[in-house]
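In: Fold the following, please.
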Amino acid sequence: MGTSQHEPSQGCDGTAYELAASRTLWELIERRAALTPDAPVLIQAAADPADDRTLTFGGLRERAERVAAGLYGMGVRPGTVVAWQLPTRVETALLSFALARVGAVQSPVIPFYRDREAGFALRESGAEFFAVPGVWRGFDHTEMARRLGAAGVFEAYDDLPEADPSVLPPPPSEGTSVRWIYWTSGTTSDPKGVRHTDRSLIAGGSCLAHALRPKATDVGSMAFPFAHIAGPDYTVMLLLYGFPAVMFEHFALPDALDGYRRHGVSVAGGSTAFYSMFLAEQRKRPAGEKVIPTLRLLAGGGAPKPPEIYHAVVRELGCQLTHGYGMTEVPMITMGDPDDTAENLSTTEGRPPAGMEIRVTGPDGEELPPETDGEIRLRGEAVCKGYVDPDQSDAAFDAEGFLLTGDLGHLRKSGHLVLTGRAKDIIIRKGENISAKEIEDLLHRHPAVQDAAVVGLPDPERGERLCAVVEQRAGTEPLTLDEVTSYLRGEGLSPYKLPEQLEVVEALPRNETLRKVLKYKLRERFSPA
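Out: This is a model prediction of the structure:
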């Protein structure tokens, strides 16, 4: 019926599957370091190539244990809550793994959060220590920490506390205790504190890794904040398959392209916005000149992927694109398989791994058959242990332990998942439900559209009216509402789904993590006063 899971692909790296059974993240590090101690794992890309740095798997284990001893000397013990708000750097990874070695509870905070979100995370987590980068990109994080009255503030940018590891107690032996608190992005309300275990993070990263099947000769990239849930997701993949990733402290194109080329990145990604940025850079180059010559795969998730983006990446970048479905609560749910058909890769989010149950339900919670749209519910080891707020946890799970995602979609008979939108992203016009994603996917096929978002705006007669907000491609004629609606009619869109308002903007508002479009800002900007 509506529940789907499938077995691992045949021919995948057996060692990686064995490592995925590790009880804790520290055990996973130790096992990988024993296998390939001299292989690189993290490469810090600097503006000046002479300042690039490389850390091996063995070096990660050894240095993280020394930092763990330094933290222990500061008073960090198993169960101590340590918040950190740090950029994507080798030192950040070392600190995070050092905390995993001690068995502390760590609460990563996105570096772009300011007083409201950071203060909320500190208070709700009960953090006893707070690691900050000092002044970073013109903002004084140390001063903010003091302003917020944070406890145990220390700077961890270039220098980390280190000591003799002999002072340390044994590492954690079980991975089912909550040792991670991640924060959903707060837009119109406070963030939610999502409780994870080592095992839930390993399970999520394993889903990504086993779907992509990277090789030890690959070079990955981290262009997103390491404090995002994608940080451990991606790092687990590195540990399972033994290949390195280039870390970008600040990702901006075209400046970062030199780092991609210099280190021969073959696997890159992020979210749909990242795909579009790479495409924009490719379009600046002469025909036949690849923007990243070594790139063979783009992979990511975190935001809807219009089918046209898939086809443009394959056609213009000359590489494969696999897209997945994940969230802070479940870091990886499904992932596209590089060997799947173009139809499945362009129109679905891939399939779930063994152990991830997907149930599609109707309004009353009844399970729906394949090909029938409903709310997506999830159960499996990668699912979080709820929220810091127990009331939020109670509301998030059904009686059978399935997480209610608020996402809408259906399962194909093949087990592939198709997302059709968010429950709160459905526009209700004259009593009819309209999916914003359906219209956005069609707009992305228009030759003058670079990116698009569709929102519902308050309307006294219709309830909501449809507003299409678009970024135009450079060098194209200005778009008009009549032209857009005529195009959508030609694509077969029903008349009642046609936008009644068109806004052309220089850039859609996005968050600073995976560059998701902030639709609430569009509603605020274009709603009637």
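
In: Stretch 344-363 spans what distance, first to last residue?
Out: This stretch, stretch 344-363, spans 27 Å end to end (Cα to Cα, to the nearest Å).

In: With stretch 95-108 instead?
Out: Start-to-end span of stretch 95-108 (Cα to Cα) is 11 Å.

In: ok, now stretch 324-343?
Out: End-to-end distance for stretch 324-343, by Cα to Cα: 15 Å.

In: buried sites along it?
Out: 324-338, 340 (16 or more other Cβ atoms under 10 Å). Every C-beta, even on glycine, is put in place using the N, C-alpha and C of the backbone.

In: mind listing which of these are in strands?
Out: Secondary structure defined by DSSP state E assigns 324-327, 330-335 of the buried residues of stretch 324-343 to strands.

In: Tell me which two of these sit farthest apart.
Out: M327 and M335 (13.4 Å; Cβ to Cβ).

In: May I see the ones in strands among the buried residues of stretch 324-343 organised as TSV, with pLDDT and distance to V246 added?
Out: TSV is the format used below for those (pLDDT from 0 to 100; distance: Cβ to Cβ, whole Å):
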residue	pLDDT	distance to V246
G324	93	21
Y325	92	25
G326	91	22
M327	90	25
V330	95	27
P331	93	21
M332	92	21
I333	94	26
T334	95	26
M335	94	21
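
In: got a markdown table for these, with distance to L404 too?
Out: A markdown table is the format used below for those (distance: Cβ to Cβ, whole Å):
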| residue | distance to L404 |
| --- | --- |
| G324 | 20 |
| Y325 | 15 |
| G326 | 16 |
| M327 | 12 |
| V330 | 12 |
| P331 | 17 |
| M332 | 18 |
| I333 | 13 |
| T334 | 17 |
| M335 | 22 |
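
In: V76: which of those is nearest?
Out: Relative to V76, the closest of these is P331; by Cβ to Cβ it sits at 24.7 Å.

In: now for the helix or strand of the chain with the lowest mean pLDDT, which elements pack on it?
Out: The weakest-scoring helix or strand in the chain, judged by mean pLDDT, DSSP states H and E, is strand 432-435 (a mean of 74). In terms of contacts (3 or more Cβ pairs under 8 Å, 6 or more residues apart in numbering; DSSP states H and E), strand 432-435 is packed against strand 426-429.

In: outside of the strand it packs on, which residues touch it?
Out: Residues from elsewhere that reach strand 426-429 (Cβ atoms under 8 Å, 6 or more residues apart in numbering): 408, 433-436, 454-456, 459, 462-466, 496.

In: go again using 6 Å as the cut-off
Out: By Cβ atoms under 6 Å, 6 or more residues apart in numbering, the residues outside strand 426-429 that reach it are 433-434, 436, 456, 462-464.

In: same check, this time on stretch 511-528
Out: The contact list for stretch 511-528 (Cβ under 6 Å, 6+ apart) reads 110, 112, 185, 187-188, 225, 228, 271, 273, 302-303, 453, 455, 457-458, 467, 469, 503, 508-510.

In: Narrow those residues to just the buried residues.
Out: Buried by 16+ other Cβ under 10 Å: 110, 112, 185, 225, 228, 271, 273, 302-303, 453, 455, 457, 467, 469, 503, 508-510, out of these.

In: From the residues you listed, which land in strands?
Out: 453, 455, 457, 467, 469, 503.

In: hmm, which two among the residues you listed are most spread apart?
Out: Longest span within those, Cβ to Cβ: A453 and L457, 12.3 Å.

In: backbone phi and psi for the residue of the chain most remote from its centre, please?
Out: Distance from the centre of the chain peaks at E461, with 38.6 Å (Cα atoms, centre = their mean). The phi and psi values for E461, taken as degrees, to the nearest 10, are phi -90, psi -40.

In: May I have the residues that are in contact with it?
Out: If you count contacts by Cβ under 6 Å, 6+ apart, E461 has none.

In: Same question for the one 10 residues further on.
Out: Neighbouring residues of E471 by Cβ under 6 Å, 6+ apart: 450-451, 508.

In: for the stretch 101-250 of the chain, what are the low-confidence residue spans?
Out: Residues of the stretch 101-250 of the chain meeting the criterion pLDDT under 70: 185-189.

In: Contacts for the lengthiest helix in the chain next, please.
Out: Secondary structure assigned by DSSP state H gives helix 57-74 as the longest helix of the chain. Helix 57-74 is contacted by residues 29, 32-33, 36-37, 39, 41, 94, 97-98, 101-102, 160-165, 167-168 when judged by Cβ under 6 Å, 6+ apart.

In: Can you mark which positions in it are buried?
Out: Buried residues in helix 57-74, defined by neighbour count with 16+ other Cβ under 10 Å: 57-61, 63-72.

In: Also stretch 198-215?
Out: 198-214.

In: Following element in sequence after the longest helix of the chain, please.
Out: From helix 57-74 onward toward the C-terminus, using DSSP states H and E, the following helix or strand is strand 81-84.

In: mind checking how far that next one is from the chain centre?
Out: Between the centre of strand 81-84 and the centre of its chain there are 21 Å (Cα atoms, centre = their mean, to the nearest Å).

In: now the strands: where do they sit in the stretch 51-200 of the chain?
Out: In the stretch 51-200 of the chain, the segments counted as strands under DSSP state E, counting those that start in this stretch are 53-56, 81-84, 105-108, 129-132, 135-136, 139-140, 153-155, 178-183, 193-197.

In: Tell me which of these sits nearest to M247.
Out: strand 53-56 (9.2 Å).

In: sorry, back to before: looking at the buried residues of helix 57-74, which is nearest L345?
Out: Of those, the one sitting nearest to L345 (Cβ to Cβ) turns out to be F57, at 31.4 Å.

In: and that closest one, how far is that from A33?
Out: F57 sits at a distance of 5 Å from A33 (criterion: Cβ to Cβ, to the nearest Å).

In: before we move on, what about D425?
Out: D425 sits 44 Å away from A33, going by Cβ to Cβ.

In: now F226
Out: Taking Cβ to Cβ, one finds F226 at 20 Å from A33.

In: Who has more neighbours out of those two?
Out: Remark: of F226 and A33, F226 carries more neighbours, 25 against 21, as counted by other Cβ atoms under 10 Å.

In: In stretch 492-499, which residues are buried?
Out: Within stretch 492-499, the residues that qualify as buried are 493, 497-499, counting by 16+ other Cβ under 10 Å.

In: and G149, how many neighbours?
Out: G149 has 10 neighbours, counted by other Cβ under 10 Å.

In: repeat for W136
Out: Residue neighbour count, defined by other Cβ under 10 Å, stands at 18 for W136.

In: mind checking pLDDT for the residue nearest to it when sequence neighbours are not counted?
Out: Once flanking residues are discounted, W136 sits nearest to P87: 6.2 Å by Cβ to Cβ, 6 or more residues apart in numbering. Per-residue pLDDT puts P87 at 97.

In: Tell me, how many residues neighbour P87?
Out: Neighbour tally, P87, other Cβ under 10 Å: 19.

In: Can you verify my assumption that it contacts H250?
Out: No. Look at P87 against H250 with Cβ atoms under 6 Å: they stay out of range, at 7.3 Å.

In: Give the residues shared as contacts by these two.
Out: Common contacts of P87 and H250, defined by Cβ under 6 Å, 6+ apart, are absent altogether.

In: ok, the buried residues of stretch 324-343 vs E289, which is closest?
Out: Taking those together and measuring to E289 by Cβ to Cβ, the closest member is P338, at 23.9 Å.

In: Please tell me how far the closest one sits from A436.
Out: As judged by Cβ to Cβ, P338 and A436 stand 29 Å apart.

In: same deal with P331?
Out: For P331, the distance to A436 - Cβ to Cβ - is 25 Å.

In: what do you get for R147?
Out: Taking Cβ to Cβ as the measure, R147 and A436 are separated by 39 Å.
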